[in-house]
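Visitor: Generate a structure from the sequence data that follows.
(2 chains)
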Amino acid sequence: MKIATWNVNSLNVRLPRLLEWLPLAQPDVLCLQETKLEDVKFPRREIEDAGYVAHFSGQKTYNGVALLVRAGLGPAADVTTALPGFTDEQKRVIAGTVGTTRVVGFYVPNGQAVDSDKYRYKLGWCAAATAYLSAELAAHPSLAVVGDFNIAPEDRDVHDPAAWAGQVLCSDAERAVFRDWLALGLADGFRLFEQPPATFSWWDYRQLAFPKNRGLRIDHVLLSPPLAARCQSCRIDRNARKGDKPSDHAPVIADVADA
DNA sequence: ATGGCTGCTTTGAGCAGA
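Guide: Numbers count the residues shown, from 1 in each chain, chains lettered A, B, ... in the order given. Now for the predicted structure:
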């Protein structure tokens, strides 16, 4: 099963690129972030025509997540769209069960700047997410947690670690959250394999960041032990960042062999 | 390249993203 995540930065703008990418990448499950669409405006039919069942939780302007499942495998069961015990207007979570695999899609808050209100919101959100993932793992041995985490876990995930030291996305508290999630028993799918140095998943639109490869690895696929043991590959599709009207994020795709 | 982004919004300057 190919499990993927992609922050599309407006599904309205990115739909043509998504429809072009789906047959190339052929994910079985795809989590989207920053759809920025109210549910009534979600392009359900276009995605169905592409061979996918869509679940979604959106809002106007900001945030918004979706879970796409290949038609033969979907729809997902037991779909949920919130962190238990964390009251939040922002649509950042979607989870569903596909076969025996539980897939959780996150759009973790950006945090804007260390010590800002948005940063405090990010850390509170993450604390609730940690508790949620602990419970999800207990209930679902086969668990994949994917999405835009807005955390660059280590210096090697940052094009210029000195410039980013202590900044939002790289701060100690954010990196501690990522380690907390690994400590639950999840593996960073990308790091299960040898990877080219300076592989990133996000590049700023400004200052030629993409051609200069000045990026960050902030989009992730975490896998519980049974899935990690069967994972054959995990890669970032840099090609999807090229060309006209790209998202500023590239997709991450993990290929997990059937049990 | 002596500036250099994109998408959204009660349409247009300001916010947000990361």
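Visitor: A:Asp66 touches A:Arg44, doesn't it?
Guide: Heads up, residue A:66 is Ala, not Asp. No: between A:Ala66 and A:Arg44 there is no contact under CB atoms under 8 Å: 9.8 Å. Any C-beta I mention is one placed from the backbone N, CA and C, and that applies to glycine too.
Visitor: Compare these two (neighbour count), which wins?
Guide: A:Ala66 (28 against 16; other CB atoms under 10 Å).
Visitor: Which strand residues bridge the more buried one?
Guide: Under DSSP bridges, the beta-bridge partners of A:Ala66 are A:Leu32, A:Phe56.
Visitor: Within range of DNA strand B, give me the residues from the stretch 101-250 of chain A.
Guide: A:109-110, A:112-113, A:118, A:148, A:150, A:168-169, A:202, A:204-208, A:216, A:218, A:245, A:248-249 (CB under 7 Å from any atom of the strand).
Visitor: And the residues you listed, which of them are buried?
Guide: Taking 16 or more other CB atoms under 10 Å as the criterion, what is buried in these is A:Pro109, A:Asp148, A:Asn150, A:Val168, A:Leu169, A:Trp202, A:Leu216, A:Ile218, A:Asp248, A:His249.
Visitor: got the contact list for the second one?
Guide: With contacts defined as CB atoms under 8 Å, 6 or more residues apart in numbering, the neighbours of A:Asp148 are A:Thr5, A:Asn7, A:Gln33, A:Glu34, A:Phe106, A:Tyr107, A:Val108, A:Trp202, A:Ile218, A:Asp219, A:His249.
Visitor: Could you say which helix or strand holds A:Leu24?
Guide: Per DSSP states H and E, A:Leu24 falls inside helix A:11-25.
Visitor: does that helix come close to DNA strand B?
Guide: Yes: under the criterion of CB under 7 Å from any atom of the strand, helix A:11-25 makes contact with DNA strand B via A:Asn12, A:Val13.
Visitor: Report the spatially closest residue to A:Gly85, excluding sequence-adjacent ones.
Guide: A:Ala128 (6.2 Å; CB to CB, 6 or more residues apart in numbering).
Visitor: looking at this, that neighbour is in a strand?
Guide: No: going by DSSP: H, G, I helix; E, B strand; the rest coil, the assignment for A:Ala128 is helix, not a strand.
Visitor: Report the contact partners of it.
Guide: Taking CB under 8 Å, 6+ apart as the criterion, A:Ala128 is in contact with A:Leu83, A:Pro84, A:Gly85, A:Phe86.
Visitor: Now do the buried residues in the helix holding A:Leu24.
Guide: In helix A:11-25, counting by 16+ other CB under 10 Å, buried: A:Leu11, A:Arg14, A:Leu15, A:Arg17, A:Leu18, A:Trp21, A:Leu22.
Visitor: so the third one touches A:Asp49, yeah?
Guide: No: distance between A:Leu15 and A:Asp49: 11.4 Å, which falls outside the contact criterion (CB under 8 Å).
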